[in-house]
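Coordinates only, no sequence provided:
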């Protein structure tokens, strides 16, 4: 059974860091790219970044470049989202999603077939 589970969310002060995890089962990261998306209260779904751990690279939204990075451990079927220098505007529910293929787009959530339930990230003083 295919499953995606995010974890690692929480509350942090501005300037702080969090690392989110996206654990997948039922499919291989060799065949799927992983995207991170977020939805802030009252706002539309926004792409954060996506990563192809099989060598297709990582694409970032402009809003997180230089602050967020992604990495993957294919042996553990887990992708990580490292978030540094967090800002209040990063507050959102963060979702992990899987898109079959070698490349990925951070601007095309409709290309992602499977989604996790999300994890809350709150940045406030």
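Thanks, I have the structure now. All values reported here derive from a predicted model rather than from experimental measurement. Residues are numbered from 1 along each chain as shown.

residues touching the residue nearest to residue 112 when sequence neighbours are not counted, list them.
With sequence-adjacent residues excluded and distances taken as C-beta to C-beta, 6 or more residues apart in numbering, residue 112 is closest to residue 97, at 3.7 Å. All C-beta atoms are positioned from the backbone trio N, CA, C, and that covers glycine. By C-beta atoms under 8 Å, 6 or more residues apart in numbering, residue 97 lies in contact with 4, 34-37, 109, 112-116.

Likewise for residue 40?
46, 89, 91-92.

Touching the strand or helix carrying residue 20 from outside, list them.
Assessed by DSSP states H and E, residue 20 sits inside strand 18-25. Under the contact criterion C-beta under 8 Å, 6+ apart, strand 18-25 has outside partners 1-10, 12, 32, 34, 36, 76-83, 86, 94, 96, 98, 116, 119, 121.
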